[in-house]
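Colleague: whatever this is, show me its structure:
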Amino acid sequence: MTTASADEVYREVMTLEPPPTATPQQRQAWSRPGLGRRERRWVTLVVASFDNEQPALDEQVYAALNSGDISLAEMLEFVLHFAVYCGWPKGSRLEGTIREQWARIEREQGRPVADWPDLDNDSLGLSDWEARLQRGEKEFEDVNFVPAPARNTPYQQAGILNFVFGHVWMRPGLGWRDRRFITVACVVVAETPIPIMSHVGSALHSGQITRAEMDEVIAQFTAYAGQRRGDLMSKAVEDGLFEKMLNR
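Modeller: This is a model prediction of the structure:
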């Protein structure tokens, strides 16, 4: 029985030939055991969406959709979650790329490029603001394992409690496990110290990402985001600051 080469795995994953710019680390990352291809795609898509290399983003979005590993609906849900943690301008660029690459795939498959349908307002969730805030407080605590913040600033009331945890984390388009992989990669690629400690730690504490899987997240992330940013994730895992905080 022969083992597929790194380039063969890359062709299968990316549905394209390996470009000259693909590093050996990137080619080998996809063939490592211990983490599924879907999870590796989330990590890689975050890095490509955050950085400013449009050809790399085109390539990753095309591959994720063309392979069938991530559906169009899931990819569009990813845009919203990514925008929360990495910024709305970058989210806008990502959604535009998805439109272009989806149209490309449709044309390649010989299908007409149709407009996307309008969404039902029911997808926006509760319109009772007090109920929504209470739900956001509970969701915050369930996700992060710490008490919810006070409602005493617009950022915390309108942003964190009402929108991020009162809506985004509860949307059915992606499960918590997917959202944890996305969020961990987002906070590290953005190099935000407190969210790194919080989200890397809570992902491990929840059991939805195991320590072995987190090691593979670090390897995948490092292959695309670079050693310096990869070390930030690794340090958060090794220091265990989140667990120390919970055990005070």
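
Colleague: so in the protein, which helix runs the longest?
Modeller: Of all the segments assigned as helix in the chain under DSSP state H, the longest by residue count is helix 88-108.

Colleague: contacts for the helix or strand just after that one?
Modeller: Reading on from helix 88-108 to the C-terminus, the next helix or strand found by DSSP states H and E is helix 129-144. Under the contact criterion Cβ atoms under 8 Å, 6 or more residues apart in numbering, helix 129-144 has outside partners 125-126, 147-149, 151, 157, 160-167, 169-170, 176, 198, 202, 206. The way it works is simple: take the backbone N, C-alpha and C, and place the C-beta from them, glycine included.

Colleague: ok, now stretch 202-209?
Modeller: Taking contacts as Cβ under 8 Å, 6+ apart, the residues outside stretch 202-209 that touch it are 143-145, 176-177, 180-181, 183-184, 210-211, 214, 217, 237, 242-243, 246.

Colleague: swap in stretch 56-73?
Modeller: When contacts are defined by Cβ under 8 Å, 6+ apart, stretch 56-73 is touched by residues 13-16, 19, 37-38, 41, 44-45, 48-49, 51, 75, 78, 93-94, 97-98, 100-102, 104-105, 173.

Colleague: of the residues you listed, grab the buried ones for ChimeraX.
Modeller: Below is the selection syntax for ChimeraX that covers the buried ones among the contacts of stretch 56-73, with 16 or more other Cβ atoms under 10 Å defining burial:
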select :13,14,15,41,44,45,48,49,75,78,93,94,97,98,101,102,104,105,173
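
Colleague: and the residue most central in space within the chain, what element?
Modeller: Within the chain, one residue has its C-alpha closest to the average C-alpha position: by Cα atoms, centre = their mean, that is Ile182, at 2.0 Å. In this structure, Ile182 is located in helix 176-189 according to DSSP H and E.

Colleague: following that helix, which helix or strand comes up?
Modeller: Downstream of helix 176-189, the next assigned helix or strand under DSSP H and E is helix 193-206.

Colleague: which positions within the next helix or strand after that following helix qualify as buried?
Modeller: Secondary structure here is assigned by DSSP H and E; on that basis, the next helix or strand after helix 193-206 toward the C-terminus is helix 211-225. When neighbours are counted by 16+ other Cβ under 10 Å, the buried residues of helix 211-225 are found to be 213-225.

Colleague: out of those residues, which is nearest to Pro89?
Modeller: Top of the list for closeness to Pro89, among the buried residues of helix 211-225 and by Cβ to Cβ, is Ala225 at 19.2 Å.
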